[in-house]
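[1] Got a sequence here, can you build the structure:
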Amino acid sequence: MFEGFTRHRIETSQSTTINLVTAGTGEGLLLLHGCPETLVMWHKIAPVFAGDFAVVASDLRGYGDSSKPHGASDHGTYSFRATARDQVEVMKVLGHDRFVVVGHDRGARVVHRMALDHPGAVRKAAVLDILPTMTLYEATDAQFARAYWEWFFLIQDYDFPETLIGAAPEKFLRYELGPLVDGGVIAQEAWNEYLRCIGDRAAIHAMCEDYRAGASIDLEHDRSDLDRKVTCPLLVLWGGENPIWKRFDMLDTWRQRAVTVTGEALPCGHYLPEEAPDATYSRLHEFFSE
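    This is a model prediction of the structure:
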C-alpha cells in the first residue's frame, strides 16, 4: 500500500507528532480518516489523487502512528479544535498554506471544525457520512443509540471502556469491521494495520478520549459557534445504505451550518473510501477540481 509515497513525522506546536504519507504535486489535498481506522483507509484512492494533487494522508492524533498523549480532565487534548490545529500546522510545514480537505467519520468532524477555525487555510472541504455532532446528539433516539453505540460506550469514565476493549481488542475491531473484512471490502493488509494499531493501549485510550471530547468540550465549542457558518464550499457525501440518514434531509441540515452545500448519497454503507472507492474518488475529484 502507498507505493511511491514518502512517510513523514511532523511535530506540531502542541507537542504532538503527526504521522503521514505524501505523494504528487500541485494543490495540497489533505485526507483525514475516521475511527477505528488510520490513514490506511485511503489506500484505494490516494494514489489516484496523487496524479493531480499533492496528497497528504495523515493519522489523526491518537490514531495510527501519531502521538497518543494522555487525555486532560476536560478532554480538550482530543477536541476537534486541537486535532484540526495539528493538521493545519502539518500542511503549513509541507508548504500548503491553503489547501482542500476531505474527512471521513471522526476525520470529517475535524474537517468541520477546521473550516470554522481556519477559514483562510481551507479552500474547499468535503465530509463523508456525518452530520454535525450536536445535531446527532440532540436527535438521539433508540435507533441511533443502537447503531452508534460507540458514542455512548466510549464516553464512559476512564478507564472502564479502555479496560474492556484492551481485554479483547481484536474482538472489538471485528465487531466494527468484520463483515467488510470477510467480504473482501477491506483489504487484508489494511485490516492487519488496523489490528496492529488498536493493540496499543494508548490508542484505545485516545479513541475513548476522542469520543469523550465529542460529548463534552466539542459540544461547548459547537454551541458557541451556532451563529457562524462554514464559508468555503462544502461537499457532503454519505452512504445511501446507512439507515441512520433516512430520517434526515442531509443537505438541508448541512445548509444550516454552511453557506454553500452540495452532495449526494453513494451506493454503499458507512466506509465510503473502501466500500465505493471509484464513486467516492470521482465525486471528490470533480468537486476539488472545479
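[2] So for this structure, the centremost residue is which one?
    When C-alpha atoms, centre = their mean is applied to the chain, the residue found nearest the centroid is residue 107 (1.5 Å).
[3] Below-threshold pLDDT in this protein: ranges please.
    Scanning the chain for pLDDT under 70 picks out nothing.
[4] switch to 90 and redo it
    Across the chain, the ranges flagged by pLDDT under 90 are 1.
[5] how about the helices in it?
    Listed in chain order, the helices found in the chain under DSSP state H are 46-49, 80-93, 106-117, 133-138, 142-147, 150-153, 160-167, 169-182, 188-198, 201-214, 217-224, 250-255, 272-275, 277-289.
[6] CA-only coordinates of the last one, as PDB, when you get a sec.
    Which is helix 277-289. Taking C-alpha atoms only, helix 277-289 is exported to PDB below (Å, rounded to 0.1, in the frame of the first residue of the first chain):
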ATOM      1  CA  PRO A 277     -13.700   3.900  -3.900                       C
ATOM      2  CA  ASP A 278     -14.500   4.700  -7.600                       C
ATOM      3  CA  ALA A 279     -17.600   6.700  -6.900                       C
ATOM      4  CA  THR A 280     -16.000   8.400  -3.900                       C
ATOM      5  CA  TYR A 281     -12.900   9.400  -5.900                       C
ATOM      6  CA  SER A 282     -14.900  10.600  -8.900                       C
ATOM      7  CA  ARG A 283     -17.200  12.900  -6.900                       C
ATOM      8  CA  LEU A 284     -14.400  14.300  -4.800                       C
ATOM      9  CA  HIS A 285     -12.100  14.800  -7.800                       C
ATOM     10  CA  GLU A 286     -14.900  16.700  -9.600                       C
ATOM     11  CA  PHE A 287     -15.500  18.900  -6.600                       C
ATOM     12  CA  PHE A 288     -11.900  19.700  -5.800                       C
ATOM     13  CA  SER A 289     -11.000  20.300  -9.500                       C
END
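[7] contacting residues around stretch 131-149?
    Residues outside stretch 131-149 that contact it (C-beta atoms under 8 Å, 6 or more residues apart in numbering) are 109, 112, 151-152, 214-215, 218-219, 222-223, 243-245, 247-248, 250, 253-254, 257. Any C-beta I mention is one placed from the backbone N, CA and C, and that applies to glycine too.
[8] Any of the residues you listed buried? List them.
    109, 112, 151, 214, 218, 222, 244, 245, 250, 253, 254, 257 (16 or more other C-beta atoms under 10 Å).
[9] ok, the third one touching residue 213?
    No - contact status for residue 151 versus residue 213: not in contact, 11.9 Å apart, counting by C-beta atoms under 8 Å.
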